[in-house]
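Novice: pasting a predicted model and its sequence here:
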Amino acid sequence: MGFVTPDYGTIFWMLIIFGIVLFILKKYAWGPILKALKDRELSISEALNSAEKARKEVAGLKASNDQIIAEARREKDIILKEARDIKDKIIAEAKNQANAEGQKSIEYTRQQINAEKMSAINDIKIQVAELSVMIAEKVIRKQLDNPKDQEKLVEDLLKDMKLK
Amino acid sequence: MRSFLLIIFAVFLLGGISRAGETTETNTEGKPSGVFKPGKFVIEHVSDAFEWHIATFGETEISIPLPIILYSSNKGWNVFMSSRFHHGKDSYNGFRIGSVAKEESNDQENSQEVKDKYEGKIVEINTNGEVVGLPVNLSITKTVTGIFVSVIVLLLIFLNIAKSAKRNVNQAPAGMQNLFEPVILFVRDDIAKPAIGEKRFEKFMPFLLSVFFFILINNILGLVPIFPFGANVTGNIGVTLVLALFTFFVTTFNTNKHYWKEIYNPDVPWWLKFPIPLMPIVELTGVITKPFVLMIRLFANMLAGHLIVTVFVSLIFIFAVKLGVAGGLGVSVISVLFSVFMLLLDVLVSFIQAYVFTLLSALYFGMASPDHH
């Protein structure tokens, strides 16, 4: 049986062929193929890593965004509050000023009125004096004959012309 | 991906075996003698030959002649095509293919010894037709041609993949590269890395991949029964011997001090080493038996697969002879079914054997420099 006795011719050729094939494959096939596999694995893991990093960065960015927004909101609140305060103050001030102004003008008006009153009184006094003189003249002209009546008349007249 | 590969091959083989069955049928029916010798048929199918037999129609045998390369001290180098022997019937230039029938009359030795010595070998004869010796025979036999064919396929596939790997850097693989990359990754991540260790496996990758794909492609091509394929390469003990030798030498050249210490001075009670060095002998035997077992396992598995398929096919003709044509046709249904089943099983075995050989080689490499414990 030739099956279990190896033939040296086959061994000879197999040694040569397999040796050459091993060399060729090692140099021209497995080298590039294994290198390509390794490179791809590296690039994939790198890509995954950088994606993870980007994800984290985005998350960080989001957190800081939130912070910024919160800060802006707080600032807005402060500004609004300040504005409200200022508004109140301005209004109050304006009110005060208006009050003072009003007071002032009322005072002025009052003075004016007083002055007018005084001059009117003076006028009246003058007119009264003139009237008194006229009345006295008339009375004197009419009732100079009766001294009693004369007296009574002056008295009445004076009673009527009571001044403040 | 691997199951996909398997299916492709299975479909291909299904077509292949039915065609093979037809061819064989025409052969036997066409033979004028009409005698079908299943033993001879099966053995011829799986054994090495000096020509590549394809089919026999009547008296004409169709076969591819292969180169015969001989060296004898009398005649020097002789190179000629095997067609000169006319299928073993004639002698050429003082050489012929030995057989019991021819040599028995010339020799005084009994027929079994003659058979062992000369059967199927090229013998040198003198002018009287007497055997004078065996020349050094480096012929390109059927097996060697099969090796050449599979090596061409191997190189075509992997040089092509290497080219596309260089071209598409950091891109998704496509086509052939896509088909074989999972297998390469399987060899790397599931065989080499765990067996040898993270640090050192890269050094052995080219050898492991070459062995894996050489065995796989030869196993698969051996199942395809059409001319340039179908040679029983991995079922030839010479081929598996060389593969095992490579593993042996790679192992031996990549050893460290620890490995040799384990062999010559293992950590066992002293009386196992002195006065009779029992353990060293056992360990040293282990060094030899490891590649030996690799050789036998692959050879026997592949040979058995080929034998069984051919036996099932020849069953058709045995029954045809015993029960007539109708019986042969009846059995052929079962036989073909069994052959297909066996072939599919052989496809599985092809993968398993390639895997086992590579895995065990990797384990031996890993054990040769046990720095990781």
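Specialist: All right, it came through fine. Numbers count the residues shown, from 1 in each chain, chains lettered A, B, ... in the order given.
Novice: can you name the residues of chain A that neighbour chain B?
Specialist: Within reach of chain B by CB under 8 Å from any CB of the partner chain, chain A has these residues: A:2-15, A:17-18, A:21-22, A:24-26, A:28-37, A:39-40, A:43. Every residue, glycine included, has its C-beta placed from N, CA and C.
Novice: buried subset of the residues you listed?
Specialist: In the residues of chain A next to chain B, burial by neighbour count holds for A:3, A:6-7, A:9-14, A:17-18, A:21-22, A:24-25, A:28-34, A:36-37, A:40, counting by 16 or more other CB atoms under 10 Å in any protein chain shown.
Novice: for stretch A:49-69, output the C-alpha coordinates as PDB.
Specialist: C-alpha atoms of stretch A:49-69 as PDB (Å, rounded to 0.1, in the frame of the first residue of the first chain):
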ATOM      1  CA  ASN A  49     -12.400  57.600  20.600                       C
ATOM      2  CA  SER A  50     -12.700  60.900  19.000                       C
ATOM      3  CA  ALA A  51     -16.400  60.500  18.600                       C
ATOM      4  CA  GLU A  52     -16.600  59.800  22.300                       C
ATOM      5  CA  LYS A  53     -14.500  62.800  23.000                       C
ATOM      6  CA  ALA A  54     -16.600  65.000  20.800                       C
ATOM      7  CA  ARG A  55     -19.700  63.700  22.500                       C
ATOM      8  CA  LYS A  56     -18.200  64.700  25.900                       C
ATOM      9  CA  GLU A  57     -17.200  68.000  24.500                       C
ATOM     10  CA  VAL A  58     -20.700  68.700  23.300                       C
ATOM     11  CA  ALA A  59     -22.100  67.600  26.600                       C
ATOM     12  CA  GLY A  60     -19.700  70.000  28.300                       C
ATOM     13  CA  LEU A  61     -20.600  72.700  25.900                       C
ATOM     14  CA  LYS A  62     -24.300  72.200  26.700                       C
ATOM     15  CA  ALA A  63     -23.600  72.400  30.400                       C
ATOM     16  CA  SER A  64     -21.700  75.700  30.000                       C
ATOM     17  CA  ASN A  65     -24.500  77.000  27.700                       C
ATOM     18  CA  ASP A  66     -27.000  76.200  30.400                       C
ATOM     19  CA  GLN A  67     -24.800  78.000  32.900                       C
ATOM     20  CA  ILE A  68     -24.500  81.000  30.600                       C
ATOM     21  CA  ILE A  69     -28.200  81.100  30.000                       C
END
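Novice: list the buried residues of that stretch.
Specialist: In stretch A:49-69, counting by 16+ other CB under 10 Å, buried: nothing.
Novice: A:Leu157 sits in which helix or strand?
Specialist: helix A:147-160 (DSSP states H and E).
Novice: give the buried residues for that helix.
Specialist: So, applying 16+ other CB under 10 Å, buried residues of helix A:147-160: A:Leu153.
Novice: ditto for stretch B:68-81
Specialist: Those would be B:Ile68, B:Ile69, B:Leu70, B:Ser72, B:Asn78, B:Phe80, for stretch B:68-81 by 16+ other CB under 10 Å.
Novice: which of these fall within strands?
Specialist: B:Ile68, B:Ile69, B:Leu70, B:Ser72, B:Asn78, B:Phe80 (DSSP state E).
Novice: ok, and the closest non-adjacent residue to the fifth one?
Specialist: Of all residues beyond its chain neighbours, the one nearest B:Asn78 is B:Leu70 (4.4 Å), with distances taken as CB to CB, 6 or more residues apart in numbering or on different chains.
Novice: next: the fourth one.
Specialist: Ranked by CB to CB, 6+ apart and with sequence neighbours excluded, the top spatial neighbour of B:Ser72 is B:Pro135, at 3.7 Å.
Novice: kindly report the same for the first one.
Specialist: Beyond its immediate neighbours in the sequence, the residue positioned closest to B:Ile68 (CB to CB, 6+ apart) is B:Ser139, lying 4.5 Å away.
Novice: can you name the residues that contact that neighbour?
Specialist: A:Gly9, B:Phe50, B:Leu66, B:Pro67, B:Ile68, B:Ile69, B:Leu70, B:Ser82, B:Ile122 (CB atoms under 8 Å, 6 or more residues apart in numbering or on different chains).
Novice: residue boundaries of the helices in chain A?
Specialist: Along chain A, the segments classed as helices by DSSP state H run A:8-24, A:31-142, A:147-160.
Novice: out of the ones you listed, nearest to B:Gly58?
Specialist: Of all the helices of chain A, it is helix A:8-24 that lies closest to B:Gly58, at 32.2 Å by CB to CB.
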